[in-house]
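Chemist: no sequence for this one, just the structure:
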């Protein structure tokens, strides 16, 4: 949906700022906190807690494994 498109666009922009033409897992991790907070639906009791959104994002980053790349070549031949 729109959230995943926004995450991809921001990740690409972050990679560009880092002088790369490709997106890495760290690009996604760096921009996640800027892209998804308003897309999270928290319970009213959790929403009242201070820094609740930051806690959710931190848990996502710490507990969701990055995808494994299969068939990725680490060396490129010219």
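Modeler: Cool, got the structure. Model, not experiment: these values are computed from the prediction.

Chemist: longest helix anywhere in the chain?
Modeler: Counting residues, the longest helix found in the chain (DSSP state H) is helix 2-17.

Chemist: the helix or strand that comes right after it - contacts with which helices or strands?
Modeler: Toward the C-terminus, helix 2-17 is succeeded by helix 25-35 as the next helix or strand (DSSP states H and E). Judged by 3 or more C-beta pairs under 8 Å, 6 or more residues apart in numbering; DSSP states H and E, the packing partners of helix 25-35 are helix 2-17, helix 52-63. C-betas here are computed from N, CA, C, even on glycine.

Chemist: and the contacts of helix 25-35?
Modeler: For helix 25-35, the surrounding residues in contact (C-beta atoms under 8 Å, 6 or more residues apart in numbering) are 3, 6-7, 10-15, 18, 54, 57, 60-61, 66-67.

Chemist: closest to residue 37 among the residues you listed?
Modeler: residue 57 (7.1 Å; C-beta to C-beta).

Chemist: which ones are touching that closest one?
Modeler: Per C-beta under 8 Å, 6+ apart, neighbours of residue 57: 32, 33, 36, 37.

Chemist: do the same with residue 36
Modeler: Residue 36 makes contact with 3, 7, 57, according to C-beta under 8 Å, 6+ apart.

Chemist: picking up where we left off before, now the angle from the longest helix of the chain to helix 25-35?
Modeler: Interaxial angle of helix 2-17 relative to helix 25-35 (axes from the mean of the first three to the mean of the last three C-alpha atoms, to 10 degrees): 120 degrees.

Chemist: measure how far helix 2-17 is from the centre of its chain, please.
Modeler: 9 Å (C-alpha atoms, centre = their mean, to the nearest Å).
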